[in-house]
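Enquirer: below are the sequence and a predicted model; questions follow.
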Amino acid sequence: MRHAGAICEEQGHRDGFKLGWGYAEAITYTHDPEGLTRSDVVLAATFDVIVHGDGHA
């Protein structure tokens, strides 16, 4: 959770987090009226790596 928060700070995102027994949830929104930005996609991909690893053994 702390790592994800630091990444949000580095990228200028102000996302929310929920933490409970056995789960952690990241809540993110795009602030661009045109839709998702490259930064939004990069953040989501970074969260995937945190949760699932980078896919390398």
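Expert: Okay, I see it.

Enquirer: list the buried ones in the longest helix along the chain?
Expert: Longest helix of the chain, by residue count under DSSP state H: helix 38-52. The neighbour-count check on helix 38-52 (16 or more other CB atoms under 10 Å) flags 40, 43, 46-47 as buried. Bear in mind the C-beta positions are built from the backbone N, C-alpha and C, glycine included.

Enquirer: other SSEs contacting the helix or strand bottoming out on mean pLDDT in the chain?
Expert: Of all helical and strand segments in the chain, the minimum by mean pLDDT, DSSP states H and E falls on helix 2-11, at a mean of 83. In terms of contacts (3 or more CB pairs under 8 Å, 6 or more residues apart in numbering; DSSP states H and E), helix 2-11 is packed against helix 38-52.

Enquirer: show residues contacting the helix it packs on.
Expert: With CB atoms under 8 Å, 6 or more residues apart in numbering as the test, helix 38-52 has contacts from 3-4, 7-8, 11-13, 15, 26, 28, 30, 32.

Enquirer: buried residues in the host helix or strand of residue 26, which are they?
Expert: Using DSSP states H and E, residue 26 sits within strand 23-27. Of the residues in strand 23-27, residue 26 count as buried by neighbour count, 16+ other CB under 10 Å.

Enquirer: tell me the strands beside that strand, with direction?
Expert: Paired strands of strand 23-27, with direction, are strand 16-20 (antiparallel) (DSSP bridges).
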